[in-house]
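*Asks:* sequence? don't have it. structure:
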């Protein structure tokens, strides 16, 4: 989470980003969170609630997406708040159907 938005875009467009998207698609995000994971998720959401004009907001969003089910985390006015390189994947994430953990 400590990279700049420009570096984050480069990482996201690389094999790192492919791995990140594979993790989101794998279904592990449907597993229940333990207490520590809930605390991390809540701290990320607290950072996000301060607004997307702040530095590292996209970093926090990408991290938070790893802790919640598809469609659970929505950004108001995503088309104006999020960088172009993330919009399509974010749209797929929030629009994806929620799978039940078995």
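*Replies:* Sure thing, it's come through. Just so we're clear, the structure is a prediction, and the values are computed from it rather than from any experiment.
*Asks:* Which strands and helices lie in contact with the longest helix seen in the chain?
*Replies:* As assigned by DSSP state H, the longest helix anywhere in the chain is helix 35-48. Applying 3 or more C-beta pairs under 8 Å, 6 or more residues apart in numbering; DSSP states H and E, one finds that helix 35-48 makes contact with helix 57-65. (C-beta placed from N, C-alpha, C; glycine too.)
*Asks:* Which residues does the helix it packs on contact?
*Replies:* Outside of helix 57-65, the residues within contact range by C-beta atoms under 8 Å, 6 or more residues apart in numbering are 1-3, 5, 8, 12, 20, 24, 29, 41, 44-45, 47-48, 50-52, 73, 75, 81-83, 86, 90, 93.
*Asks:* Can you turn the buried part of those residues into a PyMOL selection?
*Replies:* Typed into PyMOL, the line below selects the buried ones among the contacts of helix 57-65, using 16 or more other C-beta atoms under 10 Å:
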select buried, resi 8+12+20+24+29+41+44+47+48+52+73+75+81+82+86+90+93
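*Asks:* Which of the contacts of helix 57-65 fall within helices?
*Replies:* Going by DSSP H, the helices hold 5, 8, 12, 20, 24, 41, 44-45, 47-48, 81, 86, 90, 93 from the contacts of helix 57-65.
*Asks:* CSV for the residues you listed, including distance to residue 57?
*Replies:* Shown next, in CSV, are the ones in helices among the contacts of helix 57-65 (distance: C-beta to C-beta, whole Å):
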residue, distance to residue 57
5, 9
8, 11
12, 14
20, 17
24, 19
41, 16
44, 10
45, 12
47, 7
48, 6
81, 8
86, 11
90, 13
93, 16
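*Asks:* out of the residues you listed, who's nearest residue 67?
*Replies:* Of all those, residue 41 has the smallest distance to residue 67: 3.9 Å, by C-beta to C-beta.
*Asks:* can you tell me how far the closest one sits from residue 87?
*Replies:* 23 Å (C-beta to C-beta, to the nearest Å).
*Asks:* So for the longest helix of the chain, mean pLDDT?
*Replies:* For helix 35-48, mean pLDDT is 94.
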